[in-house]
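Visitor: mind folding the following:
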Amino acid sequence: MACGRSSTVATTLLAVPLRYSLRNLWVRRLTTVLTALGMALVVYVFAAVLMLDAGLRETLVGTGEVDNMVVIRKGSATEVQSSIDRGQANIVSQMPQVASDIEPLVSRETVVLVNLKKIATGRPSNVVVRGLDAQGAGLRRQVQLIEGRMFRPGSNEVIVGKASAGQFQNMALGESLRFGGRDWQVVGQFEAGRSGFDSEVWADGEILMQSFRRVTYSSLVVRLSDPSQAAAFAASVEDDPRLPLQAKSERAYYEEQSETLSRFIRILGLSLTVIFSIGAVIGATITMQAAVATRTAEIGTLRALGFQRPSILMAFLAEAVFLSLVGGVVGLGLASLMQLTEFSTTNFQSFAELSFGFSLTPTIIIQSLVFAMFMGILGGMLPAIRAARLSIVEALRAA
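Guide: You can find the predicted model right below:
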């Protein structure tokens, strides 16, 4: 019975400092708000960087289909650098792993970069123009026409991605684009589920090749009869002495396209986060140091009432952590609003304009809150240790 009573008393004693800490944050509202806002700024930058990176990866990885393979020339990093002649394309089309519907499901594609003027600045930027054959659009399940119609084979007609239409001039239905020495009429607009295709312009492949005096394709997109045959298909392409080509799953190919830009975003963004977090931690430390200095008598009273040094330490540390969590939640709330916007930049791999959004995932939420707690612990630890080390006599005498 006595043991149970002492356990209850100990639990009560441990609960009091936590309530005490939270009450003191409310009493010092102005200081609390200013410190929390500093934390919120850092968490906002931290979360926004991770969201931007996640959005980039989702855009490019989402461009690929699980049962599609991309075939390009060995040594080529992108389709723009690649070259595949018609004989090589025929050999690939006849491989046993290729799905067939009357004829092999293979899209022979030509990819070029053209300079078009942006709506916002009037300055030119690179846009991917993809030349497709009759199979091309059908191999992209996520692509849907939302306005107008598909271009007619053998014509100077194009359809434009939704992101491109919002970024570049003369992409409304009925308008014309000038590239490759001829005018191309916009007859449709498509949406591709916020994938990389949204930033492209599509045209008839043979006409595009004539316009740019090409005699070879840039890439082949192959639909497999069974996705599990991806490794066997890639090996068949690699091992054929007639084919100086390489095959990758479409998702793996586009994931590789994100690596350089993704690395740049992470390095730049996290460098800014480190700089801002130093300021936030210093701010939290100053705030907690001031709290200890003005509450010396209260600390002495708590010690006189029987609270031990570990309880005092945890109480002040809990105050700092709670402060940082408030800032973390506010920062995450602000960062979540970034999902309403789209970001456009040059993909360092393809040197073409790419539009993508911010993506807030459960992992980013957890990482951001843990990062906020880490800043709170780092900023509150020294003041908490100082508070815990005050002796009863010293604290009451200072009062």
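
Visitor: then the host helix or strand of residue 159 to PDB, C-alphas only?
Guide: Residue 159 belongs to strand 157-161 when assigned by DSSP states H and E. Taking C-alpha atoms only, strand 157-161 is exported to PDB below (Å, rounded to 0.1, in the frame of the first residue of the first chain):
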ATOM      1  CA  GLU A 157      -0.100  19.700 -86.400                       C
ATOM      2  CA  VAL A 158       0.900  19.400 -82.800                       C
ATOM      3  CA  ILE A 159      -0.700  18.800 -79.400                       C
ATOM      4  CA  VAL A 160       0.800  20.500 -76.400                       C
ATOM      5  CA  GLY A 161       1.200  19.400 -72.700                       C
END
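
Visitor: ok, then the element right after it?
Guide: Assigned by DSSP H and E, the successor of strand 157-161 is helix 162-167.

Visitor: which outside residues touch the strand holding residue 159?
Guide: 129, 145, 148, 150-151, 171, 177, 184-192, 197-204 (C-beta atoms under 8 Å, 6 or more residues apart in numbering). Yep, even glycine has a C-beta here, placed from its N, CA and C like the rest.

Visitor: show me those residues that map onto strands.
Guide: Among these, the members falling in strands (DSSP state E) are 129, 145, 148, 177, 184-191, 200-204.

Visitor: which intervals of this structure have sub-threshold pLDDT?
Guide: 1-29, 61-62, 288-308, 310, 312, 343-353, 387-399 (pLDDT under 70).

Visitor: show me what contacts the residue most central in space within the chain?
Guide: In the chain, the C-alpha nearest the mean C-alpha coordinate belongs to residue 54, at 2.1 Å (C-alpha atoms, centre = their mean). Residue 54 makes contacts with 358, 359, 360, 361, 364, as judged by C-beta under 8 Å, 6+ apart.

Visitor: so residue 196 sits right up against residue 354, yeah?
Guide: Yes. With contact defined as C-beta atoms under 8 Å, residue 196 counts as touching residue 354 (6.5 Å).

Visitor: and for those two, which residues touch both?
Guide: Residues touching both residue 196 and residue 354 comprise 59, 60, with contact defined as C-beta under 8 Å, 6+ apart.

Visitor: the lengthiest strand in the chain pairs with which strands?
Guide: Counting residues, the longest strand found in the chain (DSSP E) is strand 106-117. Strand pairing for strand 106-117, determined by DSSP bridges: strand 124-132 (antiparallel), strand 219-223 (antiparallel).

Visitor: for it, buried residues please.
Guide: 106, 107, 108, 109, 110, 111, 112, 113, 114, 116 (16 or more other C-beta atoms under 10 Å).

Visitor: mind picking the two most distant members of those?
Guide: Of all pairs drawn from these, the greatest distance, 29.3 Å, lies between 106 and 116 (C-beta to C-beta).

Visitor: returning to what we had before: and the strands paired with strand 106-117: which comes nearest residue 236?
Guide: Here strand 219-223 is closest among the strands paired with strand 106-117 (C-beta to C-beta), at 10.9 Å.

Visitor: tell me which helix or strand comes right after that closest one.
Guide: Sequence-wise, the next helix or strand downstream of strand 219-223 (DSSP H and E) is helix 230-239.

Visitor: next, the angle from that following helix to strand 219-223.
Guide: Orientation check (axes from the mean of the first three to the mean of the last three C-alpha atoms, to 10 degrees): helix 230-239 against strand 219-223 gives 150 degrees.

Visitor: which other helices and strands does helix 230-239 contact?
Guide: Judged by 3 or more C-beta pairs under 8 Å, 6 or more residues apart in numbering; DSSP states H and E, helix 230-239 is in contact with strand 68-73, strand 245-249.

Visitor: could you check the angle the helix or strand following the last one makes with strand 245-249?
Guide: Following the chain from strand 245-249 toward its C-terminal end, the next helix or strand by DSSP H and E is helix 250-294. Between the direction of helix 250-294 and that of strand 245-249, the angle (the same axes, to 10 degrees) works out to 50 degrees.

Visitor: so what's the residue count around residue 122?
Guide: 8 (other C-beta atoms under 10 Å).

Visitor: also residue 196?
Guide: Other residues near residue 196 come to 26 when the count uses other C-beta under 10 Å.

Visitor: what do you get for residue 96?
Guide: 9.

Visitor: can I see the domain layout of this protein?
Guide: Structural domains assigned to the chain are 17-61+258-398, 68-225, following automatic domain parsing.

Visitor: I'd like those as a markdown table, with distance to residue 231 appended.
Guide: Shown next, in a markdown table, are the domains of the chain (distance: least, C-beta to C-beta, whole Å):
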| stretch | distance to residue 231 |
| --- | --- |
| domain 17-61+258-398 | 19 |
| domain 68-225 | 10 |
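
Visitor: now the residue nearest to the centre of the chain: phi and psi?
Guide: When read as degrees, to the nearest 10, the backbone of residue 54 gives phi -60, psi -40.

Visitor: how far away is it from residue 115?
Guide: In this view, residue 54 and residue 115 are 30 Å apart by C-beta to C-beta, to the nearest Å.

Visitor: please apply the same query to residue 93.
Guide: From residue 93 across to residue 115, the span is 33 Å (C-beta to C-beta).
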